[in-house]
Structure formats: C-alpha cells, structure tokens
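Asks: I'd like to go over a predicted model; first the sequence, then the structure.
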Amino acid sequence: MPDFVGAVDQGTTSTRFMIFDHGGGEIARHQLEHDQILPRPGWVEHNPVEIWERTRAVITSALTQAGLTAADLAALGITNQRETTVVWNRRTGRPYGNAIVWQDTRTDRIASALERGGQGEVIRRKAGLPPATYFSAGKLQWILDNVEGVRADAENGDALFGTTDSWLIWNLTGGTGGGVHVTDVTNASRTMLMDLETLDWDDELLSFFGIPRRMLPEIRPSSHHFGTTRADGPLGGEVAITGVLGDQQAATVGQVCFRPGSAKNTYGTGNFLLLNTGPELVRSKHGLLTTVCYQFGDAKPVYALEGSIAVTGSAVQWLRDQLGIISGAAQSESLARQVADNGGIYFVPAFSGLFAPYWRSDARGAIVGLTRATTNAHLARATLESICYQTRDVVEAMQNDSGVPLDVLRVDGGVTANELCMQLQADILGVPVSRPVVAETTALGAAYAAGLATGFWRSTDELEQNWNEDRRWEPSWSDDRRAEGYAGWQKAVGRTLDWVDVG
C-alpha cells in the first residue's frame with residue numbers, strides 16, 4: 001500500500017492540499033486564497049470555477065513540492081466549507097452563477113416566513129436546524145426563484161446542486177465526462193433538507209423550499225468509496241476518493257473526538273464548537289444545532305451538538321482588509337499586546353447577524369464603549385476577546401444542554417497560532433485550552449476518514465495514538481474579572497439586536 005494520504009481542504013477564504021503520513025504527520029501542503037465577492041450588503045459569494053482552479057493548482061504544487069505522484073497516495077479525502085451553495089449544469093459543467101456562501105444573509109425573509117408559517121418546528125425536528133440564512137436550502141430556493149433557467153433545468157435533471165464537496169468530487173471524477181454527483185451525511189445534514197434519522201432527503205422538507213429532488217446529490221457515509229479521480233485531472237493518476245466530511249466534522253475527527261462527551265473548537269473564518277453525543281440524537285433547548293458528526297462505513301452514525309459562530313477569524317481579516325489597521329493576521333496579536341485590557345470597549349462582529357446560541361438575523365455589528373482614550377490596540381484586543389466571548393456563549397449553551405461541564409477545550413485552526421487569543425480563551429472560559437501538534441486538523445480529519453475506508457488506518461484507536469498536545473494555556477483571571485468581563489459582553493450583544501427589519 002502507498003505510504004501517504006492526501007486531503008483537499010476547501011475553506012471559506014482559501015483552498016489547501018495537504019499530504020499526511022501514517023503517523024498523521026504533515027509531509028507537504030500548498031494553499032491559495034480565492035476572492036470574496038460582496039455584491040451588496042449582506043451578500044457573500046464565491047466563484048466556483050476559481051475554487052476548482054485553485055484546487056487543481058494546490059494539488060499539483062503540493063505533490064511537486066513533496067516529489068510525489070498519485071501512485072504514492074493510498075486515498076484522497078475532501079473537506080469543505082459546508083452550507084455554501086453551488087448550482088451547475090451537468091451537460092456544460094458551468095455554474096449558473098456564483099456560489100452563495102454560508103455567511104450570506106439574502107435569504108432572511110425566506111427563513112422568517114418559514115418560522116411564521118409553522119414549518120420551523122418541522123425543520124428543527126427532522127433536520128435538527130432552525131430556519132436560518134446559514135443553511136443551504138434557502139440559498140438554493142433563492143437561486144431557483146431568481147436565476148433564469150435554473151428551475152426548468154432542475155426539473156429536467158440538467159441543473160445539479162451541491163455544497164463545494166460535491167462540486168469538487170464531480171469535477172475530480174470526470175465532470176461532464178462521467179462525474180459522480182455525491183455528498184456525505186455531514187454536509188447533507190447542513191442543508192435543512194435531510195432527515196437526521198433516515199439520513200435521506202426528506203420530501204416534506206423539499207416541499208417547503210420548492211426544490212426538485214433530482215438535482216440533489218446521493219448521500220453516502222463519510223468514510224466510503226465516493227469515486228475515483230481521472231488520470232487527466234490534477235493528480236495525474238487514479239486515486240480513490242474515500243473520505244468526505246464538512247469542515248467542522250472533519251476537525252472533530254482530526255481531534256480524535258470519538259468518545260461521547262469529547263469536544264473541540266475550530267477557529268477559522270468562524271468558530272465551530274462540536275460535542276460528540278454518540279449514537280444519540282440530542283435535541284438542543286439552548287440554541288445549538290443537532291448534526292451528524294460522522295459515519296464510518298456501515299456503522300451507525302455518530303451525532304453531535306454544534307455551536308456555530310459566524311464571524312471570528314474573519315473579524316481579524318476585517319481589521320486588515322476593511323479598516324487597514326493591521327497588515328496581516330499575526331499583527332493583531334502584537335498590536336493587542338500593547339494594552340493590558342480592552343479599555344472598556346467591546347466589539348460584537350455580527351456582520352451576518354448572530355448565530356448560536358442567539359440565531360438573530362436582525363443583529364448587526366457594533367463597537368461599544370468608545371472614549372477619546374480608545375486606540376487601535378484596544379480595538380485589536382476587543383476583536384480577539386470577541387472570538388473568545390462568542391465561544392463562551394456556546395460553551396454555556398452546550399453545558400446547559402448536555403449537563404456535562406467542560407474540563408478542557410481542544411482547539412485547532414488558524415487563530416490558534418495567536419497565543420494571546422488562546423490565553424484570553426482560557427481566561428474567559430475558566431478552563432484550560434489545549435492545542436495539538438497538528439493544528440490544521442480539518443485536513444487531517446478528511447485524511448483519517450479516507451484512510452479508514454482503505455485500511456491505511458485500521459481503527460479509530462490507532463488514530464487516537466497519533467494525537468499529541470503541543471501547547472496548553474491555563475486560566476489566569478480571577479472569577480470576579482471573568483464575571484465582570486462576560487457581563488459587559490452580554491450587555492454589548494444586546495446593543496446589536498433589532499437593527500435590521502427582517503419581517
């Protein structure tokens with residue numbers, strides 16, 4: 001058997017390809033950003049063709065860098081930004097327009113109408129999700145209703161829908177020359193269209209959005225044979241695609257959170273905290289999502305509670321791109337270290353409304369507590385604190401739902417390189433924060449799922465032995481300071497509500 005497994009990690013701001021050895025160690029990687037298209041306030045789009053071109057480029061570059069070919073890969077895994085919605089023509093291979101990104105809020109009236117009409121409770125019961133702009137079904141309805149020709153093509157079977165995993169798999173396996181139209185249970189569970197118990201598309205849910213069933217991909221387990229890459233594709237040879245997971249579920253697998261009660265938090269464009277609940281479907285009463293965590297082969301699915309936060313790492317990106325007060329993400333740490341506290345200001349980055357546990361699409365971002373003494377350094381620190389306070393909101397809800405107190409938080413993702421932010425996270429939560437040696441656990445989780453399907457790794461027990469801690473941060477704040485800071489944060493959140501009319 002070949003010595004390595006490859007993983008495509010198609011994220012919100014970039015696409016990377018990583019190659020791992022049997023010990024879970026990184027052999028090579030290449031990463032490229034893609035454009036963030038913002039046509040109107042609240043609208044966020046990506047160009048699917050650009051994403052496919054970036055995917056081709058990073059695969060080629062990483063293999064070249066490592067001196068490897070497709071023959072050296074035992075399997076290929078794919079992980080992806082989840083709810084982002086792509087519709088393309090199966091005959092031409094061309095998308096009907098830009099992908100609508102998970103952060104996009106143009107479907108707020110669709111979500112509100114479902115809630116008012118009583119369908120919201122059915123969606124919660126069957127799909128485990130609240131009607132919200134976050135998920136794919138409303139975006140797909142919007143495309144069907146607003147892009148000329150799509151509905152007719154969908155009804156005759158020519159228009160295909162998928163999240164970006166489906167788009168990439170279809171292209172990697174041949175595109176118009178026989179591309180496979182599939183997804184996995186984790187991505188399907190983020191659409192508002194899949195029944196969590198049957199693990200299949202649900203006709204009643206489809207009817208709420210007017211979506212033709214034939215445009216949907218086939219749902220398969222996360223660790224499974226999805227298809228084989230074409231020799232004329234970027235890998236230059238045939239490799240089995242045997243692992244597919246939405247990015248946050250992939251990070252959960254990469255953090256080897258295989259036991260009920262284990263949890264991880266991924267710090268990327270947004271923050272996503274998942275708690276493994278095992279084979280049990282736990283219905284949240286505190287604003288969390290019930291979702292599929294993973295399904296390996298013919299085994300029963302494993303479920304999770306998830307707290308999804310829309311804007312965390314992208315708030316740092318906003319400081320760079322929109323305000324211009326830092327030149328790169330790393331500078332946010334050095335700037336924030338210039339002050340001992342936030343100077344009394346709080347930044348609630350509700351650019352796309354508030355996700356868990358609030359689910360308020362009427363909210364918008366706010367910076368409160370400004371005085372003449374406020375500096376860029378205070379704003380940088382408040383931005384890092386906003387990442388940590390939003391995580392605490394979700395941890396509080398998760399503990400209320402599960403009844404299990406958090407004793408340590410496993411963390412991963414790009415923001416974990418910011419050591420001040422991780423110290424603030426420990427201080428604001430009051431529990432230790434632990435970062436693994438391989439911080440990019442999203443790609444690693446996709447590789448694990450792919451390798452399990454081919455026998456490259458024999459069991460999850462073997463994967464658990466690969467996990468090693470790199471750094472741990474212990475809380476340093478007093479209980480009084482922690483309580484005072486959180487009270488200020490909750491007050492600031494209240495200032496963001498009822499800003500936009502979504503009736």
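Replies: Perfect, I can see it now. Numbering: from 1, shown residues only.

Asks: can you pull out the helices in the stretch 401-503 of the chain?
Replies: In the stretch 401-503 of the chain, helices defined by DSSP state H, counting those that start in this stretch lie at 419-429, 441-454, 460-464, 479-496, listed in chain order.

Asks: Let me see the contact set for Cys418.
Replies: No Cys there; residue 418 is Asn. The contact partners of Asn418, taken as CB atoms under 8 Å, 6 or more residues apart in numbering, are 329-330, 332-333, 384. Yep, even glycine has a C-beta here, placed from its N, CA and C like the rest.

Asks: ranking the helices of the stretch 401-503 of the chain by burial, who's on top?
Replies: Comparing these by mean neighbour count (mean count of other CB atoms under 10 Å), helix 441-454 ranks first with a mean of 30.

Asks: Going along the chain, name the helices of the stretch 251-400 of the chain.
Replies: Using DSSP H, counting those that start in this stretch, the helices of the stretch 251-400 of the chain run over 313-318, 329-336, 376-402.

Asks: re earlier: lowest average confidence across the helices of the stretch 401-503 of the chain, which one?
Replies: The minimum mean pLDDT among the helices of the stretch 401-503 of the chain belongs to helix 460-464 (a mean of 92).

Asks: just checking, what packs against that helix?
Replies: Judged by 3 or more CB pairs under 8 Å, 6 or more residues apart in numbering; DSSP states H and E, the packing partners of helix 460-464 are helix 441-454.

Asks: Check which helices and strands the helix it packs on sits against.
Replies: Taking 3+ CB pairs under 8 Å, 6+ apart as contact, the helices and strands that helix 441-454 lies on are strand 4-10, strand 14-20, strand 73-80, strand 223-228, strand 240-246, helix 247-254, strand 263-267, helix 460-464.

Asks: strand partners of the third one, parallel vs antiparallel please.
Replies: Applying DSSP bridges, strand 73-80 is found paired with strand 4-10 (parallel), strand 240-246 (parallel).

Asks: got those strands as CSV, with distance to His34 and mean pLDDT columns?
Replies: As requested, the strands paired with strand 73-80 are exported to CSV (distance: least, CB to CB, whole Å; pLDDT from 0 to 100):
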stretch, distance to His34, mean pLDDT
strand 4-10, 9, 97
strand 240-246, 18, 97
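
Asks: Identify whichever of these lies nearest to Asp362.
Replies: strand 240-246 (26.8 Å; CB to CB).

Asks: Report the angle between the closest one and strand 223-228.
Replies: The directions of strand 240-246 and strand 223-228 differ by 120 degrees, with axes from the mean of the first three to the mean of the last three CA atoms, to 10 degrees as the criterion.

Asks: what angle separates strand 240-246 from helix 441-454?
Replies: Counting by the same axes, to 10 degrees, strand 240-246 points 140 degrees away from the direction of helix 441-454.

Asks: Please save the CA atoms from strand 240-246 in PDB.
Replies: C-alpha atoms of strand 240-246 as PDB (Å, rounded to 0.1, in the frame of the first residue of the first chain):
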ATOM      1  CA  ALA A 240      -9.900   6.600  -4.700                       C
ATOM      2  CA  ILE A 241     -11.800   9.400  -3.000                       C
ATOM      3  CA  THR A 242     -12.800   7.600   0.200                       C
ATOM      4  CA  GLY A 243     -13.400  10.300   2.800                       C
ATOM      5  CA  VAL A 244     -15.700  13.300   2.700                       C
ATOM      6  CA  LEU A 245     -16.700  15.500   5.700                       C
ATOM      7  CA  GLY A 246     -17.900  19.000   6.300                       C
END
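
Asks: Pull out the buried residues from the contacts of Asn418.
Replies: With burial judged by 16 or more other CB atoms under 10 Å, the buried subset of those is 329, 332-333, 384.

Asks: Format those as JSON lines; extra columns: pLDDT and distance to Gly414.
Replies: Conversion of the buried ones among the contacts of Asn418 to JSON lines gives the following (pLDDT from 0 to 100; distance: CB to CB, whole Å):
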{"residue": "Ala329", "pLDDT": "83", "distance to Gly414": "7"}
{"residue": "Ser332", "pLDDT": "93", "distance to Gly414": "12"}
{"residue": "Glu333", "pLDDT": "94", "distance to Gly414": "12"}
{"residue": "Leu384", "pLDDT": "96", "distance to Gly414": "13"}
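
Asks: Including distance to Arg214, could these go into a markdown table?
Replies: Output for the buried ones among the contacts of Asn418, formatted as a markdown table (distance: CB to CB, whole Å):
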| residue | distance to Arg214 |
| --- | --- |
| Ala329 | 43 |
| Ser332 | 47 |
| Glu333 | 50 |
| Leu384 | 47 |
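
Asks: Which two of the residues you listed have the greatest separation?
Replies: Longest distance between any two of the buried ones among the contacts of Asn418 is 10.8 Å, between Ala329 and Leu384; criterion CB to CB.

Asks: What are the boundaries of the strands in the stretch 101-250 of the chain?
Replies: Applying DSSP state E, counting those that start in this stretch to the stretch 101-250 of the chain gives strands spanning 159-162, 182-184, 194-195, 200-201, 218-220, 223-228, 240-246.

Asks: Could you look over those and pick the most buried one?
Replies: Across those, averaging neighbours per residue (mean count of other CB under 10 Å) puts strand 240-246 on top, at a mean of 29.

Asks: That one: how far from the chain's middle?
Replies: Relative to the chain's own centre, strand 240-246 is displaced by 16 Å; criterion: CA atoms, centre = their mean, to the nearest Å.

Asks: Just want the angle from that strand to helix 247-254.
Replies: Going by the same axes, to 10 degrees, strand 240-246 makes 110 degrees with helix 247-254.

Asks: Flag the shaky bits of the stretch 51-200 of the chain, pLDDT-wise.
Replies: Low-confidence segments of the stretch 51-200 of the chain, defined by pLDDT under 70, are absent.

Asks: on that earlier part again, possible to save the helices of the stretch 401-503 of the chain as CSV with distance to Ile100?
Replies: CSV is the format used below for those (distance: least, CB to CB, whole Å):
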stretch, distance to Ile100
helix 419-429, 30
helix 441-454, 22
helix 460-464, 34
helix 479-496, 24
